[in-house]
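Enquirer: build the 3D model from these lines:
(chains A and B)
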Amino acid sequence: MTSPQSSHQLQTLPDSTQDIVVIGAGVVGCAVARECALRGLKVTVLEKAVDFLDGASKANSAILHTGFDAPPGSLEQRCIASGYQQYLSYAETVGLPIMRTGASVIARSEEQISQLDGMQDKARENSVSDVQILSRQTLNAKIPHLAADSLAALHVPGEFVIDPWTTPYAYLSQVLQSGGTLMRDCELTGGTLNGGIWQLETSCGTMTCRLAINCAGLYGDQVSQHLTGKSRYQIKPRKGQFVVLDKAATKQVKTILLPIPNERTKGVVVCPTIFGNVLVGPTAEEQQSRSNTKTDRTTLESLKAQLKKIVPDLADTPVTAVYAGLRPATDHSDFQISCHSDQHFIDVGGIRSTGLSAALGIAAYVADQIEGRGHWPKPTKEIVPPAPTFPALAESAERDWKKPGNGGIICHCEQVTRREIIDALHGPLAATSLAGLKRRTRVTMGRCQGFYCHAELCELTKGKLTPAMSSSIP
Amino acid sequence: MGALNITPDLDVIVIGAGPSGLSAATKLARMGMQNILVVERELEAGGIPRHCGHPPFGMREFYRVHSGPRYANKLVRRAMDAGVNIMTGTSVIAIHPNGSLTASDDSGAFQLEAKRILLTTGVRETPRSARFISGMRPGSVMTTGALQSTVYLKNQRPFKNPVIVGTELVAFSALLTCRYAGIRPVAMIEDQHRITARKGSGVLPRLLGIPLRHNTTIKKIIGEHQVSGVELCSGNSDKDGSEQIACDGVIFTGQFVPEASLCRSGHLDIDALTAGPLVDQSGRCSDPAYFATGNLLRPVETAGWCWQEGKQVAAAIFNDLKQGEINRTSRRIIIDQNSTAQIKYVMPGCLSVEPGNTLATHSTTLQIRLNTAVKGTLELKQGSRKIASQAISSLPERRILMPIEIPTELDTSDQLSLSFKPA
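Expert: Residues are numbered from 1 along each chain as shown, chains lettered A, B, ... in the order given. You can find the predicted model right below:
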């Protein structure tokens, strides 16, 4: 499925031997590539889909976790904690949006109330020390509209809502500005290591590098298998379905509402999004398929039923959209990050639901591992990080519709301008699929789902997307 | 915005240049109001009829049959001839209490205000997502509105062999659009045992050789990036009646909902039954600086009907401005709890009386729709006092009109209640 005019077709594999090849352009791959590029290494990112963020990273709850409930001492907890701190300062420096909502884990029975103490202790053990147990009265004063059986809560002030799509976009923009390469529609098919140099076979041809980093998410075990002959973990995809409510629901939901988690899942969250909607989800459904993101009516209806139990006033709120994402869970509970110096290979696997929060922490951890091994590529120059570029999509941001010369609004539900759409279709990180265009602009993601803007989009995207949105009437 | 020299003292801003908005603006101008501004987010005024490239439109307004675009064009010209300003390419982002709004066009964001604001933002169809249809989410799944604007405004087609879901009048409009674009639907499906539109429409798919399947629901959409088929479920069959058919797109037709997001996200009360703004018999919203009319009030009526409603609301706004401040008592009309199975909605959702208002009308017509086919009597009461009753025999989704005399006093605190008693 390629179209000759697509801009990503212009990309060619680099001739020179790269220091690093990152396999997979999800949020983790983008962050790892950025860290390596900013440390002066020559980086290429390979992505098998027509656009980046097309696997596990395309659908999540967009929460920046503190790691308050992660297993203490785990690699996951360590990466979330470091990723969280790094993200706050990164976002502040470059201007990425953060909604400082806080979160409340709500207890709905006496038994659940008794679990709050343990959660508080765990949070403190994880150095998230500003957590606080709220009585029923305080909870209701703090968060109106909750169901009557909301008896108490653990309040976690540091849990925030961020933008899951422009964040990795910003990371990648820094990779490219540092001289790195992004190859889309480029699948790794195999590779051989000879004298410390990997020769990688891809659907776009052959390339060489000194170190391969596997960030292939849902396909992580397969990539390990391809390159090293075995995988230390097995991906067990876990699907999460979500319902997105109309923007009016943000009147009732201003903070992240979490249930008491069980050992398998964090449970169904009700939370605002940076785009001014309210999310309900995810489910946790184990499955074999690594690409099946089907939604189903029964599950979506059960999410709405759960919403009614959490925030009864929202029972009749119209639904804007539904979606499903896959988490690359494994047969282990922790992240599976391992370095194999002799094989010139780093495996970054099993980054399940906390990848967005942990990405910068994982990247730093991986880069430190690289620097720690003498015979691996060493940065040659001191680098001043280039300023990232990214679209301003958050409701709180200075959106394009407020500025002159925007070309007028095309998508009225999400207030996306003609200029934003045209910008997203051009440049080195141009959208190459409708899904990618949605992630860069929010176009058609609102309540009418394209009733009004579909026609205009068909025209604006002509020759740019795979598959095409329409063809001319003969 | 800079190019248009709008007087700062606007009498009325109309949001939406479809049939009801244009008709209201034209009437207001003809009654002598100088400063009427219609704000339209599309680049051309005219509303939905603009992309219905087929008849029949315009019987009520022009006494002859027009195609949608020609009809829309005529309404626009008429409004401009009457002295109405139409600002296209301008999207209203938010409405604020007491008649001010935030809008955006190519020049960026700006504020507008007027003595009264009339909302005529119309309806849209329920998309696939809000219907909770199972399966993957490939492209080429759309509503009739998206299809028609793509075909008629851009001369593009998104698929060749789609399935059409639903049999409201608009579904047959989708059929005609397909025919125009050389698209050949593989089936038209309806979950009930009869089509929703009037019987005669059912002839159309037969004439075009397209199978019309009753008692059939869409269970699942198949295909990752592009639609490759749908799974249908036949309600009549005792065995597991699911069946896959190949297609390259799906058109979800009808299940109209008022485009009430400005009201919902803003400060206006919503009528839970119609999903439009809550209005009284004059079209007045919960903030008396705001009025609403046309399909925004309820799903769904023809363009001609909306045009007529636009004229009525114009008269109400005119009187309202002339009358100035006035005491007003309003009472909700609710559906009796034993009749919610039969009655889908009643519009308006409240009645007002204005004792000092010499211009107030004392009669109005309730618009009612049913959920099921029924025979019996509708009754409107306040407490034990009977206000009106009417015998009906109707199918679901048909327009039912119930003329009533508005009591001169609504002084009991009781809300009004509409009930249905079977024959």
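Enquirer: from now on I want contacts and neighbour counts done on CA atoms only, so please keep to that.
Expert: Fine.
Enquirer: who in the stretch 251-400 of chain B is up against chain A?
Expert: B:Ser261, B:Arg264, B:Ser265 (CA under 8 Å from any CA of the partner chain).
Enquirer: quick check: mean pLDDT of the helix or strand containing A:Ile422?
Expert: For A:Ile422, the element it lies in under DSSP states H and E is helix A:418-424. Here helix A:418-424 scores 97 as its mean pLDDT.
Enquirer: count of residues packed around the residue of the stretch 201-350 of chain B found nearest chain A?
Expert: At 4.7 Å from chain A, B:Ser265 is the closest residue in the stretch 201-350 of chain B, using CA to the nearest CA. Counted with other CA atoms under 10 Å in any protein chain shown, the neighbours of B:Ser265 add up to 17.
Enquirer: quick one: contacts for the residue nearest to it when sequence neighbours are not counted?
Expert: Nearest residue to B:Ser265 in three dimensions, chain neighbours excluded: A:Ala248, at 4.7 Å (CA to CA, 6 or more residues apart in numbering or on different chains). For A:Ala248, the contacting residues are A:Asn277, A:Thr317, B:Ser261, B:Arg264, B:Ser265, by CA atoms under 8 Å, 6 or more residues apart in numbering or on different chains.
Enquirer: so the fourth one touches B:Ala272, yeah?
Expert: Spelled out, it's B:Arg264. No. Counting by CA atoms under 8 Å, B:Arg264 stays clear of B:Ala272, with 10.9 Å between them.
Enquirer: these two: which is more packed in?
Expert: Taking neighbours as other CA under 10 Å, B:Arg264 and B:Ala272 compare with B:Arg264 leading, 19 against 13.
Enquirer: just the element for the more buried one, please.
Expert: Short version, using DSSP H and E: B:Arg264 is in helix B:261-265.
Enquirer: circling back: packing partners of the helix holding A:Ile422?
Expert: Counting contacts by 3 or more CA pairs under 8 Å, 6 or more residues apart in numbering or on different chains; DSSP states H and E, helix A:418-424 packs against helix A:434-441.
Enquirer: ok, 10 Å please
Expert: strand A:409-411, helix A:434-441, helix A:454-460 (3 or more CA pairs under 10 Å, 6 or more residues apart in numbering or on different chains; DSSP states H and E).
Enquirer: now do the second one: distance to the chain's middle.
Expert: A distance of 14 Å separates the centroid of the chain from that of helix A:434-441, by CA atoms, centre = their mean, to the nearest Å.
Enquirer: wondering if that helix reaches chain B at all.
Expert: Yes. Using CA under 10 Å from any CA of the partner chain, helix A:434-441 reaches chain B at A:Leu434, A:Ala435.
Enquirer: so stretch B:169-180, near chain A or not?
Expert: Yes. On the criterion CA under 10 Å from any CA, stretch B:169-180 is in touch with chain A at B:Tyr180.
Enquirer: now do the helices in chain A.
Expert: A:27-38, A:75-94, A:110-125, A:136-142, A:166-177, A:220-228, A:297-310, A:355-372, A:418-424, A:434-441, A:454-460 (DSSP state H).
Enquirer: and the average pLDDT for the fifth one is what?
Expert: Rounded to a whole number, the mean pLDDT of helix A:166-177 is 96.
Enquirer: quick one: that helix to helix A:355-372, angle?
Expert: 30 degrees (axes from the mean of the first three to the mean of the last three CA atoms, to 10 degrees).
Enquirer: for the residue minimising distance to the centre of chain A, give me its contacts.
Expert: Nearest to the geometric centre of chain A sits A:Ser57, at 3.8 Å (CA atoms, centre = their mean). Counting by CA atoms under 10 Å, 6 or more residues apart in numbering or on different chains, A:Ser57 touches A:25-28, A:164-165, A:168, A:217-218, A:325-328, A:352-353, A:355-356.
Enquirer: filter these down to the ones in strands?
Expert: A:Gly325, A:Leu326, A:Arg327, A:Pro328 (DSSP state E).
Enquirer: a markdown table for those residues, including pLDDT?
Expert: Below are those laid out as a markdown table (pLDDT from 0 to 100):
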| residue | pLDDT |
| --- | --- |
| A:Gly325 | 95 |
| A:Leu326 | 96 |
| A:Arg327 | 95 |
| A:Pro328 | 96 |
